[in-house]
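Peer 1: Below are the sequence and a predicted model; questions follow.
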Amino acid sequence: MVNGSHAIFCSKDADKVRGFFKDALRLGSVDAGHGWLIFALPPAEFAVHPTEGTSHYQLYLMCDDVQAAAKDLQAKGVEFAHPVKEERWGRVTAIKLPGGGEMGLYEPRHPTALKLNR
């Protein structure tokens with residue numbers, strides 16, 4: 001049945017965003033043809049949250065130590081939308097993506113489902 005997920009980032013500067021994922025985050029990739037990179041992600045999980053507003057999707061990368069990850073990424077020139085914030089569910093920040101937009105980065109403080117499908 002379901003054997004994975006595929007997330008898509010739409011950007012006015014797709015080449016810069018691809019470079020960011022390749023060089024700053026060092027994600028492995030395959031070339032689907034003509035330099036069109038498809039990136040591997042670490043194990044993933046997803047949750048469903050209620051909202052009073054419009055339905056939407058969010059993507060967060062997870063890490064064991066958000067402060068250390070942010071420091072490492074800042075050394076590579078990555079910019080953040082805001083400092084690390086303490087939330088009841090974890091420590092969170094947001095990476096500014098080249099060409100606009102943000103992607104969450106967080107250190108969970110709750111049980112995770114990451115090891116269920118390994």
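Peer 2: Happy to help now that I have it.
Peer 1: could you give me the average pLDDT of the helix ranked longest in the chain?
Peer 2: When the chain is scanned for its longest helix (criterion: DSSP state H), the result is helix 66-75. On average, the pLDDT along helix 66-75 is 96.
Peer 1: From the contact counts, what lies against it?
Peer 2: strand 80-87, strand 90-96, strand 102-108 (3 or more C-beta pairs under 8 Å, 6 or more residues apart in numbering; DSSP states H and E). Every residue, glycine included, has its C-beta placed from N, CA and C.
Peer 1: Could you export the ones you listed as CSV, including mean pLDDT, distance to residue 73 and mean neighbour count?
Peer 2: Listed next are the helices and strands packed on helix 66-75 as CSV, based on pLDDT from 0 to 100; distance: least, C-beta to C-beta, whole Å; neighbours: other C-beta atoms under 10 Å:
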stretch, mean pLDDT, distance to residue 73, mean neighbour count
strand 80-87, 96, 8, 12
strand 90-96, 96, 7, 18
strand 102-108, 94, 8, 18
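Peer 1: among those, which is nearest residue 47?
Peer 2: strand 102-108 (10.6 Å; C-beta to C-beta).
Peer 1: Compute the inter-axis angle for the closest one and strand 90-96.
Peer 2: 160 degrees (axes from the mean of the first three to the mean of the last three C-alpha atoms, to 10 degrees).
Peer 1: Each with direction, which strands does strand 102-108 pair with?
Peer 2: strand 60-62 (parallel), strand 90-96 (antiparallel) (DSSP bridges).
Peer 1: and the angle for that strand with helix 66-75?
Peer 2: 150 degrees.
Peer 1: Could I get the CA-only coordinates of strand 102-108 as CSV?
Peer 2: The C-alpha trace of strand 102-108 is given here as CSV (Å, rounded to 0.1, in the frame of the first residue of the first chain):
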residue,chain,number,x,y,z
GLU,A,102,10.2,29.0,5.5
MET,A,103,10.7,25.5,6.7
GLY,A,104,10.4,24.5,10.4
LEU,A,105,13.2,22.9,12.3
TYR,A,106,12.4,21.4,15.7
GLU,A,107,13.6,19.2,18.6
PRO,A,108,10.6,17.2,19.7
